[in-house]
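*Asks:* Need a 3D model of the following:
(2 chains)
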Protein chains: 2
Amino acid sequence: MAETIPIRFGVLGCADIARKVSRAISLAPNATVVAVGSRSADKARRFAVENRYDAAVKIYGSYEAVLDDEAVDAVYVPLPTSLHLRWAVMAAEKKKHVLLEKPVALNVAELDQILAACEANGVQFMDATMWMHHPRTQKMTEALLDPRFGEIKSIHTIFTFSADPDFLENDIRVKPDLDALGALGDTGWYCLRGILWAVDYELPKSVTALRGTVFNKSGVILSCGASLLWEDGKVATFQCGFLSNLSMDITVIGKNGTLHLNDFVIPFTEKSASFSLAMESGFTELVTGWLPIPSQHVVTTELPQEALMVKEFSRLVSTGVDKKWPARSRKTQLVIDAVKASIDKGCEPVDVGA
Amino acid sequence: MAETIPIRFGVLGCADIARKVSRAISLAPNATVVAVGSRSADKARRFAVENRYDAAVKIYGSYEAVLDDEAVDAVYVPLPTSLHLRWAVMAAEKKKHVLLEKPVALNVAELDQILAACEANGVQFMDATMWMHHPRTQKMTEALLDPRFGEIKSIHTIFTFSADPDFLENDIRVKPDLDALGALGDTGWYCLRGILWAVDYELPKSVTALRGTVFNKSGVILSCGASLLWEDGKVATFQCGFLSNLSMDITVIGKNGTLHLNDFVIPFTEKSASFSLAMESGFTELVTGWLPIPSQHVVTTELPQEALMVKEFSRLVSTGVDKKWPARSRKTQLVIDAVKASIDKGCEPVDVGA
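*Replies:* Reported below is the predicted structural model:
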């Protein structure tokens, strides 16, 4: 059976996040790391040692060398966003399946080139949004689709963390030439994916940035938010940034149901995660308490969400390309583009592209 | 000691909420109901029976008769908002202390007349925002003021409930001549008070309504939201309305702390309420979980929050007028007025008055 042969990964670059995903590849039953490349072979070698790679893993002093290795089936690309277009397209052209870090591109025009290259070369594309693959997400999807939850009325997401002075000075995510979308591309990506997930990926009609965007001296976004409006009247808001305490909230409110969680991007603990669900909430007779009280739902997982992501990506590589994941990436990017445009226009409403 | 003589309340009107507050007056150790008035003496009599009032409680067929009763020290006024100006001013002029349901007025100009009447007549004014008086609120205030929490960066509040068809057709809160502020005055009042509470009542510089306000056929707001911006860059959002499942959220995010609760207006249970507090949240070494995980704080109370409200109001009546409560009411009303103005102007930013 094709699925029993592990998918052989090459890792392009030695970003911090590559450590977590390297572990995920080793945990996934259908994947294995076979190569790592960096602009410096020394750096790649150190990375291989630090991450206890098998001695058989090939060390390359360039990204291109990884792409030229015929033993590599797929690449994981944690490079700065401004390099995604070049390396993701080249990977696809060399018939490597592409697991790409978020934000996937600087704008949807770039992403469309990446997706076209993947489609033309018959390779799978997936963005590395790990929480999509946690079994909790599937349970929450079922809760939202339960007819008792009712029509979704509003969604509110938050992803912030308090970056230290070194990050705010030196991280690639605050550099206009590396990650020009700043906090919107990094933390905002998750907020917008969370909103789109909640509405089964129906695009909003328009977005309006909230007043109060914070920029660094290079003009990169450090903190922002927006409101979203759908054709049918649904609304959403999000708040993201590098300037306040770690917070990862999704709140979805339907006609008759409310879903809450406060750790949607990275669960508090690796093997068990929970969410709160309220259905047909009302009051006691004298309005002195709630009836019923919201319930807590716990979902356990043997593999962490990032390993489940690698497992699902590898399964698709084995069984045949799936278009659901690139379509979700593209919708997320479309909304990011609209938020960025609204910020640039002084918080005017902007229609979301198609 | 003055405080041992219970404050004698007259209740103006027999609204549903008056049942809960009647019970609260009976539970408060320093308060007692001595009179109830309605436009119909029969209705007042039925209300007295249903609420098991003592036979000595006087029944009046007009509000004015209650105000003319010299045995009444203070009135609780749950009348429709459009009647507040007339009856709260008249109560003050007749030297009755005023516990007034929210929203306190249709706009700040009306409220200023009410407050001027209270001040001129030396009577206490307080709005009936019960959650302010729960000991949990005090504990949360301490958490926000803890220097470890850090500068407050953003606040997000939600209060919605799913009104039934009868409410949406007939409740006073959807009638332009009775409660012209609709869901903004009812549920939005709590959201804005929650935001102001979190920032120690510092007024925002401006507010901008979010696109997507829902009106009924009479033009009364059924659902809306807004973003708020302070001089120092703090931001807030709120969402309120009658059209989605019961939800009562406060999220406050500081530089190094996050506070969450999902039942701020009415705690899930009467005697015990909790909140979640995260301080200096970070990740495990490989970013596979949180370290530390947010902590849950439980606060118990012998008396329900509405009885604590009556107790505090009665204490002030006994010990001397306090200006903190009218100032908080006025700031809440100022922000409501600005949100309403922004909605009326098609979501243009509106400066908050002073």
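
*Asks:* how about the residues of the stretch 101-250 of chain A that lie near chain B?
*Replies:* A:150, A:153-154, A:156, A:158, A:160-162, A:206, A:208, A:210-212, A:214, A:223, A:225, A:227, A:229, A:233-235, A:237, A:239, A:241, A:243-247, A:249 (Cβ under 8 Å from any Cβ of the partner chain). The C-beta positions use only the backbone N, C-alpha and C, and glycine is treated the same way.

*Asks:* can we see that at 7 Å?
*Replies:* A:153-154, A:156, A:158, A:160, A:162, A:208, A:210-212, A:214, A:225, A:227, A:229, A:233, A:235, A:237, A:239, A:243-247, A:249 (Cβ under 7 Å from any Cβ of the partner chain).

*Asks:* For ChimeraX, write the select line for the buried members of those residues.
*Replies:* A single ChimeraX command selects the buried members of those (16 or more other Cβ atoms under 10 Å in any protein chain shown):
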select /A:153,154,156,158,160,162,208,210,211,212,214,225,227,229,235,237,239,243,244,245,246,247,249
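
*Asks:* Now go through the residues of the stretch 101-250 of chain A next to chain B and say which are in strands.
*Replies:* A:153-154, A:156, A:158, A:160, A:162, A:208, A:214, A:225, A:227, A:229, A:235, A:237, A:239, A:243-247, A:249 (DSSP state E).

*Asks:* Local confidence estimate at the residue nearest to A:Asn262 when sequence neighbours are not counted?
*Replies:* Ranked by Cβ to Cβ, 6 or more residues apart in numbering or on different chains and with sequence neighbours excluded, the top spatial neighbour of A:Asn262 is A:Asp249, at 5.3 Å. In this model, A:Asp249 is scored at 98, pLDDT.

*Asks:* doesn't A:Asp263 make contact with A:Asp249?
*Replies:* No - contact between A:Asp249 and A:Asp263 fails when scored by Cβ atoms under 7 Å: they sit 8.5 Å apart.

*Asks:* Figure out the length between the terminal residues of stretch A:294-309.
*Replies:* 30 Å (Cα to Cα, to the nearest Å).

*Asks:* can you check stretch A:37-57 too?
*Replies:* Start-to-end, stretch A:37-57 (Cα to Cα) is 10 Å.

*Asks:* got it, and stretch A:314-328?
*Replies:* 18 Å.

*Asks:* which residues touch it?
*Replies:* A:2-3, A:7, A:28, A:30-31, A:73-74, A:97, A:115, A:118, A:122, A:124-126, A:201 (Cβ atoms under 7 Å, 6 or more residues apart in numbering or on different chains).

*Asks:* can we see that at 6 Å?
*Replies:* With contact meaning Cβ atoms under 6 Å, 6 or more residues apart in numbering or on different chains, stretch A:314-328 is reached by A:Ala2, A:Glu3, A:Ile7, A:Asn30, A:Ala31, A:Ala74, A:His97, A:Leu115, A:Gln124, A:Phe125, A:Met126.

*Asks:* same deal with stretch A:90-105?
*Replies:* Stretch A:90-105 is contacted from outside by A:67, A:74-78, A:81, A:84, A:88, A:111, A:117-118, A:121, A:123-129, A:181, A:185, A:189, A:313, A:317, A:329, using Cβ under 6 Å, 6+ apart.

*Asks:* What segments of the stretch 151-300 of chain A are helices?
*Replies:* A:165-170, A:182-198 (DSSP state H, counting those that start in this stretch).

*Asks:* could you check the angle helix A:182-198 makes with the longest helix seen in chain A?
*Replies:* In terms of residue count, the longest helix belonging to chain A (DSSP state H) is helix A:324-344. Orientation check (axes from the mean of the first three to the mean of the last three Cα atoms, to 10 degrees): helix A:324-344 against helix A:182-198 gives 130 degrees.

*Asks:* Output the contacting helices and strands for the following helix or strand past helix A:324-344.
*Replies:* Past helix A:324-344, further along toward the C-terminus, the next helix or strand under DSSP states H and E is strand A:350-351. With contacts defined as 3 or more Cβ pairs under 6 Å, 6 or more residues apart in numbering or on different chains; DSSP states H and E, the packing partners of strand A:350-351 are helix A:324-344.

*Asks:* Buried ones in the helix it packs on, by neighbour count?
*Replies:* For helix A:324-344, by 16+ other Cβ under 10 Å, it's A:325-326, A:328-343.

*Asks:* what's the answer for stretch A:95-113, then?
*Replies:* A:96-108, A:110-111, A:113.

*Asks:* Which of the contacts of stretch A:314-328 fall in strands?
*Replies:* Using DSSP E, the contacts of stretch A:314-328 in strands are A:Ile7, A:Ala31, A:Ala74, A:His97, A:Phe125, A:Met126.

*Asks:* do you know how far the fourth one is from A:Ser22?
*Replies:* Read that as A:His97. 17 Å (Cβ to Cβ, to the nearest Å).

*Asks:* cool, the first one as well?
*Replies:* Counting by Cβ to Cβ, the gap between A:Ile7 and A:Ser22 amounts to 14 Å.

*Asks:* coming back round to it: pick out whichever of the buried residues of stretch A:95-113 sits closest to B:Phe47.
*Replies:* A:Lys102 (59.5 Å; Cβ to Cβ).

*Asks:* For the stretch 51-200 of chain A, which residue gets nearest to chain B?
*Replies:* A:Lys153 (3.9 Å; Cβ to the nearest Cβ).

*Asks:* Kindly give the local confidence score, pLDDT, for A:Met1.
*Replies:* 44.

*Asks:* right, I mislabeled it, should have said A:Ala15
*Replies:* Per-residue confidence at A:Ala15 stands at 87 (pLDDT).

*Asks:* Give me the nearest residue to it, chain neighbours excluded.
*Replies:* A:Pro78 (4.1 Å).

*Asks:* what number of residues lie near that neighbour?
*Replies:* Residues lying near A:Pro78 (other Cβ atoms under 10 Å in any protein chain shown) number 20.

*Asks:* again, but for A:Thr269
*Replies:* 16.

*Asks:* which ones are touching it?
*Replies:* B:Gly289.

*Asks:* beta partners of A:Thr251?
*Replies:* Taking DSSP bridges, one obtains A:His156, A:His260 as the residues bridged to A:Thr251.

*Asks:* Nearest the middle, which residue of chain A would you pick?
*Replies:* A:Thr129 (2.7 Å; Cα atoms, centre = their mean).

*Asks:* pLDDT below threshold where in the stretch 251-354 of chain A?
*Replies:* For the stretch 251-354 of chain A, no stretch has pLDDT under 70.
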